[in-house]
Structure formats: C-alpha cells, structure tokens
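Colleague: sequence and computational prediction follow.
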Amino acid sequence: MNPSAASLPNDRQSKLKQEAAEYAVQFVQSGMVVGLGTGSTAIFATRRIAELLREGTLKNIVGFATSTFIWEQARHLGIPLMEQAMPSKIDVTIDGADEVDPNLNLIKGGGGALFREKIVAQASEREIIVVDDSKLSPCLGTKHSLPVEMSPFGWRSQLRFLELLGGRAAIRQNADGTQYVTDSGNMILDCDFGPIANRVKDAKPDFVWVGAIGLDGNLLLDAMKKIDYEPPQHFYLYPAPGPLVSLPEAKNALSVTIFEDQPPFTSNFGAAEFVKLYRERATKAGFADPSVETQAAASYTAWQILEAGVTATKSLDDKAIGAWLKANRVDTIQGKLRFNGPFNYGDDLICIKQVQNGHWVVVWPRESTAGGAKLLVS
C-alpha cells in the first residue's frame with residue numbers, strides 16, 4: 001500500500017479509524033516528543049495533534065515522522081518536527097497495524113515504512129497501536145501477508161531463504177507496476193505464510209530451539225498452548241528460569257547452565273554460603289523460585305574474580321589485574337576459571353539442565369549431575 005492512500009473515503013471504516021486515532025491522542029501531553037506513525041489510521045492522529053496545537057490545548061510538541069509522506073503532512077499541518085538523526089528519546093508514538101491477533105501480536109508494514117517504524121518504536125517510551133475492527137484476526141497471516149523490508153543487495157538469496165521457510169514472496173509494486181522503494185531505499189517482499197501460528201503445529205518438529213533471552217520462552221509456550229501443540233523436546237538458551245520452571249507446559253524443557261544450587265556445584269569455593277544467603281534474601285523478597293539461577297551465579301562469580309585479582313596484586317590497576325588473571329586460575333562458585341587462552345573461564349563449565357518435577361535438574365555431563373539424574377525424553 002502506498003502511504004498516500006491514507007486519504008480514505010468518508011465511510012464507516014474511516015470513521016472508526018478516526019475515532020480510535022483521536023482517542024489515542026489523549027495520551028499526548030504538552031512538551032512531549034511524539035512519534036508520528038504511517039498509514040491510514042495513524043494519519044488521523046497526526047491531524048488531531050495539529051488541531052490541538054492550533055487551539056492551544058497542546059503546546060511545545062515536537063513530532064518525529066516515520067516516513068517522508070508523514071513528514072510532509074506534519075509540516076504542512078504546522079507540527080514542529082525533530083531532525084531525522086533523532087537526538088533525543090520519543091515520549092509516545094501513535095501508529096497503526098495491518099493485523100492483530102487475540103494476544104495483541106501484530107503484522108505491520110502495509111504502509112511501506114516498517115523499517116523506520118521499528119526504529120521509532122524502539123526509541124519510544126510508549127507505543128500506542130491504533131486499529132479498527134477490520135484489522136482483528138484469529139491468527140496472524142490470515143488476513144495480511146507478512147512484509148519484509150530488505151536491502152536490494154543480495155535480495156534473491158533472501159528470497160530463497162524466505163521460500164525455504166514456506167513463504168510465497170512477491171516484490172511489492174506501485175500502482176503503475178514499478179517496484180516500490182521505501183524511504184530508506186529498500187525493497188519490500190510481501191510474504192504469504194498462511195496462518196502463522198499453525199505452521200509450528202503442522203510441521204510437527206521433533207525439537208524446538210529458542211535462542212532468545214528472558215520471558216520469550218514463556219510467551220512461545222503460551223502461544224503453542226493456544227494452538228494445542230506440545231513440543232516433544234524444547235530448548236531455551238537463556239530463559240528466565242524461575243518463570244519458566246513454574247509453567248506446566250515447560251515439562252522436560254532444556255537449557256544451559258554454569259551453576260545450580262545442588263551438588264556437586266555447592267562444593268565449589270564459596271558456593272554453599274552464597275546459596276544460603278541468596279535463598280534467604282530471595283524468599284524474603286517473595287520470589288516464586290528462590291533457587292540460585294545462572295545470571296545470579298555469573299554476577300557473583302564476577303565479584304569473586306575481581307576480588308581475587310585485587311587481593312593478589314594489591315592494586316586496582318586493570319593491567320596488573322589482567323596480567324595476574326592470565327597467569328593464575330581463580331577459585332569461584334562455578335569452579336576453577338582460567339583466562340589464558342580461548343574459551344576463557346574454562347573449557348568444560350557449561351552444563352545442560354532440564355525441568356523435572358517442577359525443578360531445574362542438571363542432566364549433563366554425568367559428573368555434574370546429582371542423585372543419578374538423567375535426561376528425560378518425551
């Protein structure tokens with residue numbers, strides 16, 4: 001869709017878009033930097049902001065446009081605009097979407113500004129997405145293809161990659177048949193994957209691997225639950241271990257670890273004392289899972305390393321500490337760490353753990369397991 005299509009006929013859909021966009025503008029306050037989204041709904045928000053500025057209801061507003069078209073519209077409407085380098089954060093951005101599922105996941109990019117919209121969204125303290133009922137969908141990919149903005153460099157290789165993922169990709173074109181070019185000089189491939197959530201279930205993978213950090217594993221499990229799919233085996237590189245282990249769907253989930261508060265780890269230097277203190281404080285703070293997790297262990301290990309270096313050199317000089325660390329192993333709760341070659345911290349400290357009976361249990365290597373724990377396979 002060309003952004004100029006933002007001028008819509010005065011029909012029911014247009015009226016709903018206008019009402020939704022103008023409702024969102026109530027979250028804009030004087031003195032704010034406001035991201036101005038691109039598309040047939042977001043344009044109504046831009047016009048309403050301009051109207052409130054003229055009335056004097058809003059003052060000292062600075063806009064940041066997500067496309068050339070919106071920049072021209074905002075300038076014509078009299079909205080002061082920030083330079084494109086974006087020298088400061090954005091307080092709130094009002095934008096639209098092309099499809100929204102019941103979990104508020106979105107497909108964006110129909111207006112052709114998805115790359116810039118993502119940058120603006122990332123820089124925004126608050127992102128408000130405005131849609132009318134025509135954009136609501138039971139599953140992403142049901143109503144709208146998935147736009148992928150890419151550099152013209154090597155685009156055919158990326159097209160093949162998208163097709164290998166099961167998408168039917170088409171180069172976006174203008175109304176006159178010429179190739180659509182974004183404000184950033186890129187092209188857009190509109191990819192039809194069909195209903196996206198169902199593709200995991202249809203593929204019936206033997207193993208699901210999640211390389212993200214934090215709560216993404218919980219969100220993925222929740223999404224798979226909604227499509228009635230349970231992975232036989234699943235691995236999460238750096239999950240939020242407490243929230244993940246509490247989910248019934250996380251049964252047999254796998255992850256990496258450098259420390260767990262169980263033997264033989266608790267025999268390492270300072271480990272028993274650290275585990276005791278951590279559990280006491282975590283329980284007092286109301287943590288659902290007070291057991292020591294990988295990030296806490298890594299942070300404490302860093303202090304042990306620094307303490308050993310400073311104590312040994314009797315210095316705060318980083319070069320002296322670094323030279324000492326290269327020449328000596330350091331006792332930590334993880335074990336003996338070294339810094340004299342590749343694979344710093346040690347060659348064999350990474351272990352594999354699994355959720356078993358509501359707890360993380362180390363299952364590999366054998367010498368790091370407790371009580372003969374073994375890998376469970378669904």
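Modeller: Thanks, I have it.
Colleague: ok, how many other residues are close to Asp228?
Modeller: By the measure other Cβ atoms under 10 Å, the count of residues near Asp228 is 7. From N, CA and C alone the C-beta is placed, and that goes for glycine too.
Colleague: could you report the pLDDT at it?
Modeller: For Asp228, the model assigns a pLDDT of 80.
Colleague: again, but for Ile305
Modeller: 95.
Colleague: now it, what's its secondary structure?
Modeller: Of the three states, Ile305 takes helix according to DSSP: H, G, I helix; E, B strand; the rest coil.
Colleague: show me the contacts for it.
Modeller: Going by Cβ atoms under 8 Å, 6 or more residues apart in numbering, Ile305 touches 325, 330, 332, 337.
Colleague: the residues you listed: which two are farthest apart?
Modeller: Among the contacts of Ile305, the pair separated by the greatest distance (Cβ to Cβ) is Leu325 and Thr332, at 11.9 Å.
Colleague: so between these two, which is more surrounded?
Modeller: Shown here are Leu325 and Thr332; by other Cβ under 10 Å, Thr332 has more neighbours (28 against 21).
Colleague: next one: the more buried one from Gly341, what distance?
Modeller: 18 Å (Cβ to Cβ, to the nearest Å).
Colleague: point out where the stretch 1-150 of the chain drops to low pLDDT.
Modeller: Within the stretch 1-150 of the chain, the stretches with pLDDT under 70 are 1-10.
Colleague: helices of that one, start to end?
Modeller: Ranges of helices in the stretch 1-150 of the chain, per DSSP state H, counting those that start in this stretch, are 12-24, 42-55, 68-77, 114-122.
Colleague: which strands and helices lie in contact with the last one?
Modeller: Under the contact criterion of 3 or more Cβ pairs under 8 Å, 6 or more residues apart in numbering; DSSP states H and E, the helices and strands touching helix 114-122 comprise strand 92-96, strand 146-150.
Colleague: ok, and what's touching the helix or strand just after the last one?
Modeller: By that I understand strand 146-150. Past strand 146-150, heading to the C-terminal end, the next element that is a helix or strand (DSSP states H and E) is helix 155-164. Contact with helix 155-164 is made by 148, 150, 169, 187, 189, 191, as judged by Cβ under 8 Å, 6+ apart.
Colleague: between those residues, which is nearest Asp318?
Modeller: Closest to Asp318, out of all of the contacts of helix 155-164 and judged by Cβ to Cβ, is Met150, at 42.2 Å.
Colleague: make TSV from the helices and strands packed on helix 114-122 and add mean neighbour count and distance to Gln354 to it.
Modeller: What follows is those, written out as TSV (neighbours: other Cβ atoms under 10 Å; distance: least, Cβ to Cβ, whole Å):
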stretch	mean neighbour count	distance to Gln354
strand 92-96	25	41
strand 146-150	19	34
